[in-house]
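>>> Sequence first, predicted model second:
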Amino acid sequence: MIFECMKLNMDVKDEEFNLIYPEGLRNLATRHWTPIAIAKQAAEFLTDSPGANVLDIGSGAGKFCLIGAAYTKGHFTGVEYREYLCRLCNHITDCHHLHNVKFIHSNITKINFRKYNAFYFFNSFHENIDSSAAIDNSVALGLDLYTLYFQYVHEQLDEMPVGTRLATYWATLSQIPPTYKLLSTSFNGLLKMWVKTS
C-alpha cells in the first residue's frame, strides 16, 4: 500500500515507510536510512533525463532506491556489502512488484561505475571511522577500508563522462572530484546536487 501511494505521488511519512523493515532496522533509520523527502528530491534530480540508471553507493536497507523506484521512472541499483540487507531489499521489491530496482551484494570496489549514468552517495563509509555509527558487527571496518573505498569511488566518479549526475547527502566538498560542479543545495546544505563538467 505504501508504494502504491508513492506511485500516485501521495505523501508518506517516514514512520509509516519504516514499518516495512524488521524492528532492529527501524531503530537505525534516523541515523542510517535516507529520509523520504531527501530521497524523493535526489531521485527526481538524478532521473531528470530518459534512460536514467542510478547507482546507490552503499544502499544499506535500500530506502533511497525503493523510494526512487516508486516516485520516478528511473532504474535504481543498490550495492551493499551486507548480504542479509540485500536479501531483505530484494524480497521487498518482489513483494511490492517494483520492477525498476534491484540490489547487488558486493564490495563497492567490484562495481564498474560505467554501467550507470547517475549516482547517490549518503556518506556510506563513515562507519569505518566512527564506531558509534556502525550498523552492526557483521563486516570488517577500519580506517584502511575507509581510505580504500573513498579512493575507489573518487576515481570512478572522476572517470565518468561529462553530464554524469551525482546527489550527495551528509558528504563533504572534499569527497567529490573537482571535475563536478555543485548545482544546488537543500535541507540546510546536507543534500547537494552535482553534474560532471570536465
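That came through fine.

>>> Tell me, how many residues neighbour residue 157?
Counted with other C-beta atoms under 10 Å, residues neighbouring residue 157 total 21. In this view, the C-beta of every residue, glycine as well, is placed from N, C-alpha and C.

>>> For it, give its distance to residue 175.
In this view, residue 157 and residue 175 are 10 Å apart by C-beta to C-beta, to the nearest Å.

>>> can you give me the strands for the chain?
For the chain, applying DSSP state E gives strands covering 53-57, 75-80, 101-105, 118-121, 165-169, 180-186, 191-196.

>>> and the angle for the fifth one with strand 53-57?
Using axes from the mean of the first three to the mean of the last three C-alpha atoms, to 10 degrees, one finds that strand 165-169 and strand 53-57 are set 30 degrees apart in direction.

>>> swap in the last one?
Angle, strand 191-196 to strand 53-57, by the same axes, to 10 degrees: 120 degrees.

>>> tell me what strand 191-196 is packed against?
With contacts taken as 3 or more C-beta pairs under 8 Å, 6 or more residues apart in numbering; DSSP states H and E, strand 191-196 sits against helix 36-46, strand 165-169, strand 180-186.

>>> What pairs with it, parallel or antiparallel?
strand 165-169 (antiparallel), strand 180-186 (antiparallel) (DSSP bridges).

>>> Dump the ones you listed to JSON lines, plus distance to residue 193 and mean neighbour count.
Shown next, in JSON lines, are those (distance: least, C-beta to C-beta, whole Å; neighbours: other C-beta atoms under 10 Å):
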{"stretch": "strand 165-169", "distance to residue 193": "6", "mean neighbour count": "24"}
{"stretch": "strand 180-186", "distance to residue 193": "5", "mean neighbour count": "14"}
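
>>> So for residue 124, what's the pLDDT?
Predicted confidence (pLDDT) for residue 124: 89.

>>> Verify the stated contact: it with residue 64.
No - if you go by C-beta atoms under 8 Å, residue 124 and residue 64 don't touch, sitting 10.7 Å apart.

>>> ok, residue 181 touching residue 194?
Yes - using C-beta under 8 Å, residue 181 is in contact with residue 194, at 6.6 Å.

>>> averaged over its residues, what pLDDT does the lengthiest helix in the chain have?
Counting residues, the longest helix found in the chain (DSSP state H) is helix 143-158. Taken as a whole, helix 143-158 carries a mean pLDDT of 97.

>>> tell me the angle that helix makes with strand 53-57.
Going by the same axes, to 10 degrees, helix 143-158 makes 160 degrees with strand 53-57.

>>> Quick one: residues in contact with helix 143-158.
57, 108-109, 111, 113, 119, 121, 124-126, 128-129, 164, 166, 175-177, 179-180, 196 (C-beta atoms under 8 Å, 6 or more residues apart in numbering).

>>> Repeat the analysis, applying 7 Å as the threshold.
Identification of contacts with helix 143-158 by C-beta atoms under 7 Å, 6 or more residues apart in numbering yields 57, 108-109, 113, 119, 125, 128-129, 166, 175, 177, 179.

>>> No further questions, thank you.
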